[in-house]
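Colleague: Predicted model follows, preceded by the sequence.
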Amino acid sequence: MQQSRSQVTERDGLYELAAGPDVLDSPRYNHDIAPTKVHERTWNKWHITALWVGMSICVPTYTLGGVLTAYFGLSVGEALLAILLANIVVLVPLTLNAFPGTKYGIPFPVLLRSSFGVIGSNVPCLIRAVVACGWFGIQTMFGGLAIHLFLGSIFEGWKDLGGTGEVIGFMIFWTLNLWVVLRGAESIKWLETLSAPLLVLVGAGLLVWAMPNVSMSELLAQPPTRPEGASVTGYFLAGLTAMVGFWATLSLNIPDFSRYAKSQKDQILGQIIGLPLTMFLFASLGVVLTAASASLVGETVSDPVSLIGHIQSPGWVALAMALIIVATLSTNTAANIVSPTNDFQNIAPKLINRTKAVILTGFVGLGLMAHELLKKLGLLVSDLSLESVYSNWLLGYSSLLGPIAGIMVVDYFLIKKQQLDLAGLYRDDVYPAWNWIGFVAFGVPVALTLLSLGSSAFSWFYDYGWFTGSFLGGLLYFGLCRLRSSSPVALAKPTL
């Protein structure tokens, strides 16, 4: 006789679900967001290191030093220190939120069902998904430019297409990204593992090219752009918050990847080895190359795609662009498509499978970049720059995502004490449909962040939004959960 209830087994600290009809027939379940089996958890520390190297070496990372010096008034040395510290700080929520993914094999949206409710989890999921789709569009724009320059270095007539050629490159790169993700997690692991050493070599080659044309002592001695005599503290902390915001999104959906890790040790070591130093070194490379660009190509150029496009040798341009295409592809597929794919499935798992979710992610990202694509086609005139869009996103969206990170950590480690009902996460009879405590803990910091925009006295709450949001969100969630558990109604409820 077939068992009607699912069974959960544990092997070396990793939990596995043998789904019965209670889960298989549930509207909250499909195969793609189901817990990974133990034998499917094949990523060791070097695979996870390669994942972070592949995600970190990208055009936005390259431009971070320029963002901090131009937008946040930091000196070059202060900017590089902010980048290093921010990535050490962000390791904390990354490794902590990765724990339940590794232990239970569950993706980000399923984990959120514990803190926001089985249906309520869709709200933070969709907030995360829209951010990822926006970054997907931005990275695809850079990848499309690289394809345009690659084709222009091979076919002389291609250069005459101008903006139209960039749009064609965008669509080619857009299609390539979707194809990789549709092939599954093993395809992403293979891409990241292959690209990581190549990307390190590209960075080293660019550094060798640039170093004879820049003086590091003069570069570090350049004065900051903030008002003379202004205290560095406020500017530095605002820049630090923005840099934390760069990976604030991944600190939420890291279970989407840690669910494939062999062990907690592998996910922790992989992230420690792969993230902080890679981000610091590639951002440093961006600062050096931007400073050297005037000597190298006759003008200051702040992104590597355009800089390499100025090289006169078509062969070197073609090779460099091919490697940048790989770099951007490895970043985009892992960082910006996997999460919204799982998030969109969480809305209606029986109706939206991975293929439909990947295509939906692609079209949302395409729609968010429609403004820029129309500009390149000459159909729209606008002063809004792509650089200013993603620079502002770093700070603004980190403020919104901070409370979610704090709530997730507190719920799993302090409230649930690392014990989840694995089968119950896929049914409607264990966790509530909507957990109002999660929404209060999320809504209060977000409301305060928005209100602080109109108040000079409380502008610090926005400037340090990720820190204030995550701390306050976690604190509120913990306090409200304790208050509910000690109430007479809660005490009178029978345990299951």
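Modeller: Looks like it arrived, so ask away.
Colleague: going forward, measure contacts and count neighbours with C-alpha atoms only.
Modeller: OK.
Colleague: Show me how far stretch 67-85 is from its chain's centre.
Modeller: Relative to its parent chain, stretch 67-85 has a centroid offset of 20 Å by C-alpha atoms, centre = their mean, to the nearest Å.
Colleague: I figured I272 was touching V89, is that so?
Modeller: No - look at I272 against V89 with C-alpha atoms under 8 Å: they stay out of range, at 11.1 Å.
Colleague: For these two, indicate the residue with more neighbours.
Modeller: Neighbour totals were compared for I272 and V89, and I272 leads with 21 against 16 (other C-alpha atoms under 10 Å).
Colleague: ok, that one - contacts?
Modeller: Contact analysis of I272 by C-alpha atoms under 8 Å, 6 or more residues apart in numbering lists 49, 91.
Colleague: what about it, distance to T49?
Modeller: I272 is 8 Å from T49, where distance means C-alpha to C-alpha, to the nearest Å.
Colleague: Would you mark the buried spots in the host helix or strand of N87?
Modeller: Assigning secondary structure by DSSP states H and E places N87 in helix 76-104. Residues of helix 76-104 classed as buried: 76-84, 86-87, 89-91, 93-104 (neighbour count, 16 or more other C-alpha atoms under 10 Å).
Colleague: Name the SS class of G229, please.
Modeller: Per DSSP: H, G, I helix; E, B strand; the rest coil, the secondary structure class of G229 is coil.
Colleague: Around it, count how many other residues there are.
Modeller: Applying other C-alpha under 10 Å, we find 6 residues neighbouring G229.
Colleague: Now do it, the pLDDT please.
Modeller: Note on G229: pLDDT of 76.
Colleague: For it, grab phi and psi.
Modeller: Dihedral angles of G229 (phi, psi; degrees, to the nearest 10) stand at phi 90, psi -10.
Colleague: And for L14?
Modeller: Main-chain torsions, L14, degrees, to the nearest 10: phi -110, psi 130.
Colleague: With V92 as the reference, measure out to it.
Modeller: Going from L14 to V92 by C-alpha to C-alpha gives 21 Å.
Colleague: so how far is D25 from R5?
Modeller: Distance from R5 to D25, by C-alpha to C-alpha: 11 Å.
Colleague: Find the helix or strand that A405 is a member of.
Modeller: Applying DSSP H and E as the criterion places A405 in helix 386-410.
Colleague: Would you mind putting the CA coordinates of the helix or strand just after that helix into PDB?
Modeller: Remark: after helix 386-410, the chain's next helix or strand is helix 436-452, criterion DSSP H and E. Output of helix 436-452 as PDB, limited to C-alpha atoms (Å, rounded to 0.1, in the frame of the first residue of the first chain):
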ATOM      1  CA  TRP A 436       1.700  39.000   9.300                       C
ATOM      2  CA  ILE A 437       4.700  39.300  11.500                       C
ATOM      3  CA  GLY A 438       7.000  39.000   8.500                       C
ATOM      4  CA  PHE A 439       5.200  41.800   6.700                       C
ATOM      5  CA  VAL A 440       5.200  44.100   9.700                       C
ATOM      6  CA  ALA A 441       9.000  43.500  10.200                       C
ATOM      7  CA  PHE A 442       9.500  44.200   6.500                       C
ATOM      8  CA  GLY A 443       7.100  47.100   6.100                       C
ATOM      9  CA  VAL A 444       8.200  49.200   9.100                       C
ATOM     10  CA  PRO A 445      11.900  49.600   8.000                       C
ATOM     11  CA  VAL A 446      10.800  50.200   4.300                       C
ATOM     12  CA  ALA A 447       8.300  52.900   5.400                       C
ATOM     13  CA  LEU A 448      10.900  54.600   7.600                       C
ATOM     14  CA  THR A 449      13.400  54.400   4.700                       C
ATOM     15  CA  LEU A 450      11.000  56.100   2.400                       C
ATOM     16  CA  LEU A 451      10.000  58.700   5.000                       C
ATOM     17  CA  SER A 452      13.700  59.500   5.700                       C
END
